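**Student:** Here you go, sequence then predicted model.
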Amino acid sequence: MSDAEWAVVRDAMPIPPWLEGRGGQPEGYCHRQMLDAVRYLVAGGITWRAMPGDFPVWDRVYAFARRWGAKGLLAELHDRLRGLVREHAGRDPKPTAAIVDSQSVRAAATVPASSRGYDAGKKVPGRKRHIVVDCPGLLLTVMVTTASVQDHHAAVPLMKRVRNRYKKVVLVWADGGYAGRVVAWARQKLQLTVQIVKRSDDVAGFVVLPRRWCGSGRSRGCSAHAVWCATTRHCLPSTSKWCCGR
């Protein structure tokens with residue numbers, strides 16, 4: 001990252017316990033180097049052992065990501081940076097509305113059969129990523145399942161995450177796949193209003209639907225991140241959490 005980017009990230013980073021005298025061992029590497037290494041790995045979809053030599057040793061980067069992910073520090077950094085972006089756009093740092101969407105993606109032959117399925121509607125074998133974004137399209141939370149999982153089934157744990165992490169969110173826009181019992185359940189159990197945005201049967205071809213474009217665009221834009229999370233969540237679940245903004 002550039003010096004200007006690092007100046008913003010540095011001020012937004014959580015303070016490790018050892019810097020506040022609350023115990024723990026000091027970090028052995030510069031945080032900027034570590035974050036650059038993790039960003040390079042996620043963007044390129046490479047393995048940990050394929051880390052280039054101009055970054056810290058791969059196992060140190062792996063340990064950093066796992067340790068900070070397990071303690072929630074990287075998720076906290078993600079949330080703080082999202083808040084800064086929202087403030088810069090003239091919005092409240094805490095979102096009050098969200099958009100939920102999903103996308104099925106083909107899984108590689110190396111993906112275990114136990115963690116992939118078949119989306120009969122889209123005719124796609126593999127996995128499905130379910131995401132929740134705010135109105136500008138910034139990621140709030142993500143969950144990866146087999147492609148066979150229906151949207152309204154995945155919505156239950158997804159909505160719970162939204163309610164637990166984002167107390168100000170009161171409205172969620174969704175497509176027709178989330179219609180039915182989920183709407184009433186979210187209103188009664190979570191005090192969330194789920195508004196279904198449906199496509200008109202009278203319109204042919206591609207049409208940009210109100211609010212839905214935010215989730216759809218972000219779902220396709222976070223491909224590298226979501227695929228990386230999907231391929232690592234079995235061996236490193238904590239890393240997939242912070243990477244996906246949970």
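**Tutor:** Good, I have the coordinates.

**Student:** which residue ranges form the helices in the protein?
**Tutor:** With helices called from DSSP state H, the chain shows them at 3-12, 31-44, 58-70, 73-88, 151-165, 181-189, 212-221, 223-232, 237-243.

**Student:** got the angle for the longest one vs helix 31-44?
**Tutor:** Using axes from the mean of the first three to the mean of the last three Cα atoms, to 10 degrees, the inter-axis angle of helix 73-88 relative to helix 31-44 is 90 degrees.

**Student:** what's helix 73-88 packed up against?
**Tutor:** helix 3-12, helix 58-70, helix 237-243 (3 or more Cβ pairs under 8 Å, 6 or more residues apart in numbering; DSSP states H and E). In short, each C-beta sits where N, CA and C put it, glycine included.

**Student:** now do 10 Å
**Tutor:** helix 3-12, helix 31-44, helix 58-70, strand 139-146, helix 237-243 (3 or more Cβ pairs under 10 Å, 6 or more residues apart in numbering; DSSP states H and E).

**Student:** now those as a markdown table including mean pLDDT?
**Tutor:** What follows is those, written out as a markdown table (pLDDT from 0 to 100):
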| stretch | mean pLDDT |
| --- | --- |
| helix 3-12 | 88 |
| helix 31-44 | 91 |
| helix 58-70 | 90 |
| strand 139-146 | 92 |
| helix 237-243 | 35 |
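
**Student:** want to throw those into TSV with distance to Arg161 and mean neighbour count?
**Tutor:** As requested, those are arranged in TSV below (distance: least, Cβ to Cβ, whole Å; neighbours: other Cβ atoms under 10 Å):
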stretch	distance to Arg161	mean neighbour count
helix 3-12	22	12
helix 31-44	21	17
helix 58-70	16	18
strand 139-146	5	22
helix 237-243	10	21
